[in-house]
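Chemist: Show me the folded form of this:
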Amino acid sequence: MSKKNNGKREATENVTTFKKITLSAKTDEQREVIKSIKSNEITFIHGLAGTGKAQPLYSTVYTTDGPKKMGDIKVGDTVCTPKGKTANVIGVFPQGEKSIYRMFFADGDFVDSCAEHLWQIYDNRWGSKKNKKDWVKKPRIKDTLWIKNHMHEKGGKNRFKIFTPNEVKFNKNKIEIDPYLLGILLGDGCISGRQVIVMTADEEIVDNLSTCLLDGYQLSKQPSHKYDYSIKRIKKRNKENDYVSLLKEYYLMGKRSHDKFIPDNYKYNTRDIRLSIIQGLMDSDGYISKGLPEISITSERLANDIKEIISSLGGVCSIKEKESWFTHKGERKSGRLVYRCYIKYNESKELFRLNRKKEIAVNRSKYPVRRVIKDICKIGEEEAQCILIDDENHLYLTDNCVITHNTHIATVYGLKELLSGRYGQLIFTRPCKESMGEKLGSLPGDSDDKIAPYMMPLFEILRQYISQKEINNYINEGLIRTIPLAYYRGITFNNSFIVADEFQNTIPEQMRLFLTRFGKNSKIVITGDVRQSDLGCENGMADAMNRLQGIKGIAFNELSEKSIVRHPIIGDIEARYNSKNIT
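Modeler: Okay, the predicted model is just below:
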């Protein structure tokens, strides 16, 4: 005798074999949402899709074209990820004013975020009993508040660490001056007069520079100065030196040591170009202290430029100010401030071309470079925003190239329920906000084709857990469906898990239509941010959250994520919508 399936989908030979999907909460709020979905038939999740990644609008996000303020990030932007790759922004969600916390690192850097922001952190106490040192392989995802509450526990000093990215992948930009040569000029060059002069006692540097010059140029030794070389044309012409012209274009010509800087199209360029300019600076002005690279300069702007490039290459650079002194006519006088850059980089030898320096630099073989979290404190209230990216690890780079996290829940919960066999189909729906007068019904294709652009963010999440081939198979078998809200009239959905996303863009009549369409053994999860409606009229989600309070089986959570839920309280819903009074 076959067992009764209680409304669950029966397996058939035509159905693809399902894999197990694991969903774990990363914050206390997310745990409450998962509990709510499990125990209720309808769950409203008020807030933004993507809890755990809000940052102030002034925070930096690294894109392939360079840094951009969080408030300026748009859908379609390409951001940099920690493994030297890129990801597309597929969702931007303003969160309004939030409490902002500042995370301080031991090297002096800091990053601002909300309390729920997620971080991939390491703790040397998370190693296994057999091998205490394998903590480097066991990162965990924790929110800002959790880290703040645990970092000052007994034995917690310098406990939590964030590893640096492999590198930042910027787009290639056109440059005119060889980056190694520019690094030499910024380190030990003279560009304050009408000539371009390199000052060095190292023949190896002279040889290296000879291969970096523009056609028709050479290094010419100055007869009156033993270690000075000017960059001149091989054949004299009645025309300004090209290097003088190019340095003027970069606003560098005429700059003295304390005014120098690295132009943006060198800072935000390919890895080879960024590394080459650092090699020029380190060969000319850098040194090794206890095996570690350092450089001391009088330009604060140049010091910060070096720091940014080192960070973008996967290293850490801390800057300390130091007073300088000189003697004039027997009197000791104070000089300009010196900015001493201490560099931690896994492959320290790579920062030099000059062999005598490369030989004494020491690569980090035991412990990779990481940032130590020193303290976290609340700094006030700020307008914040979160982004959704199509990276499988949801990681992007923020201020000082610190790795930060991007997350979601609801869609994964729905997929998990479908693949476990609890429901016969997973349905995605979104209100389609039409633009430029183009109506959904006039678009080509069937309903799936019409709504596909609106559903892209949800399918991007699915692709992080199952392959595109599996998604196509489930769609062909009718297990995953996308249905425009406009098509719900006259349909009842049984044995279905329904994810209703961006429902702040419904009006009360649409919300009522939707809530009365689902049948037996079904769940609904409705997500949206009632503060961010695009309608300019009465908000159906806000109305429902007010109108439906107190009905058993309907839960309301304040959060921001995408989720999934189920069935039969239509009578109560209809009664509330038919009532003129809202309690």
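
Chemist: which residues make contact with whatever helix or strand Met282 lives in from outside it?
Modeler: Taking DSSP states H and E as the criterion, Met282 maps to helix 271-285. With Cβ atoms under 8 Å, 6 or more residues apart in numbering as the test, helix 271-285 has contacts from 84, 167, 169-170, 172, 175, 178-189, 200, 202, 205, 208, 262, 266-267, 293, 295-297, 306, 309-310, 312-313, 350-354, 357. The C-beta positions use only the backbone N, C-alpha and C, and glycine is treated the same way.

Chemist: Which helix or strand lies directly C-terminal to it?
Modeler: Per DSSP H and E, the first helix or strand lying C-terminal to helix 271-285 is strand 286-289.

Chemist: how far off helix 271-285 does the helix or strand just after that following strand point, in degrees?
Modeler: Per DSSP H and E, the first helix or strand lying C-terminal to strand 286-289 is strand 292-297. Counting by axes from the mean of the first three to the mean of the last three Cα atoms, to 10 degrees, strand 292-297 points 70 degrees away from the direction of helix 271-285.

Chemist: Show me how far strand 292-297 is from its chain's centre.
Modeler: Put simply, strand 292-297 sits 29 Å off its chain's centre (Cα atoms, centre = their mean, to the nearest Å).

Chemist: what angle do the helix or strand following that strand and helix 271-285 make?
Modeler: With elements assigned by DSSP H and E, the helix or strand that comes after strand 292-297 is helix 300-312. Using the same axes, to 10 degrees, the direction of helix 300-312 lies 130 degrees away from that of helix 271-285.

Chemist: rewinding a little: for the helix holding Met282, the distance to its chain's centre please.
Modeler: Per Cα atoms, centre = their mean, the centroid offset for helix 271-285 relative to its chain is 26 Å.

Chemist: any weak-confidence spans in the protein?
Modeler: Where the chain drops to pLDDT under 70, the residues are 1-29, 46-53, 126-138, 154-157, 391-394, 400-409, 432-454, 457, 529-538, 558-583.

Chemist: how's it carved up into domains?
Modeler: Segmentation of the chain into domains, based on automatic domain parsing, reads 28-46+409-578, 55-164+370-405, 179-358.

Chemist: closest to Arg364 out of those?
Modeler: Nearest of these to Arg364, taken as Cβ to Cβ: domain 179-358 at 4.8 Å.

Chemist: if we can go back for a sec, I'd like the domains of the chain as JSON lines, with distance to Arg364 and mean neighbour count appended.
Modeler: Compiled in JSON lines, the domains of the chain are given as follows (distance: least, Cβ to Cβ, whole Å; neighbours: other Cβ atoms under 10 Å):
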{"stretch": "domain 28-46+409-578", "distance to Arg364": "32", "mean neighbour count": "19"}
{"stretch": "domain 55-164+370-405", "distance to Arg364": "10", "mean neighbour count": "18"}
{"stretch": "domain 179-358", "distance to Arg364": "5", "mean neighbour count": "17"}
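
Chemist: residue ranges for the strands of the stretch 51-200 of the chain, please.
Modeler: Secondary structure of the stretch 51-200 of the chain by DSSP state E, counting those that start in this stretch: the strands cover 55-56, 60-63, 66-69, 78-80, 86-105, 110-114, 118-123, 140-143, 160-163, 189-190, 197-199.

Chemist: can you list those in JSON lines and add distance to Arg336?
Modeler: JSON lines is the format used below for the strands of the stretch 51-200 of the chain (distance: least, Cβ to Cβ, whole Å):
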{"stretch": "strand 55-56", "distance to Arg336": "34"}
{"stretch": "strand 60-63", "distance to Arg336": "28"}
{"stretch": "strand 66-69", "distance to Arg336": "28"}
{"stretch": "strand 78-80", "distance to Arg336": "35"}
{"stretch": "strand 86-105", "distance to Arg336": "27"}
{"stretch": "strand 110-114", "distance to Arg336": "26"}
{"stretch": "strand 118-123", "distance to Arg336": "38"}
{"stretch": "strand 140-143", "distance to Arg336": "43"}
{"stretch": "strand 160-163", "distance to Arg336": "34"}
{"stretch": "strand 189-190", "distance to Arg336": "17"}
{"stretch": "strand 197-199", "distance to Arg336": "18"}
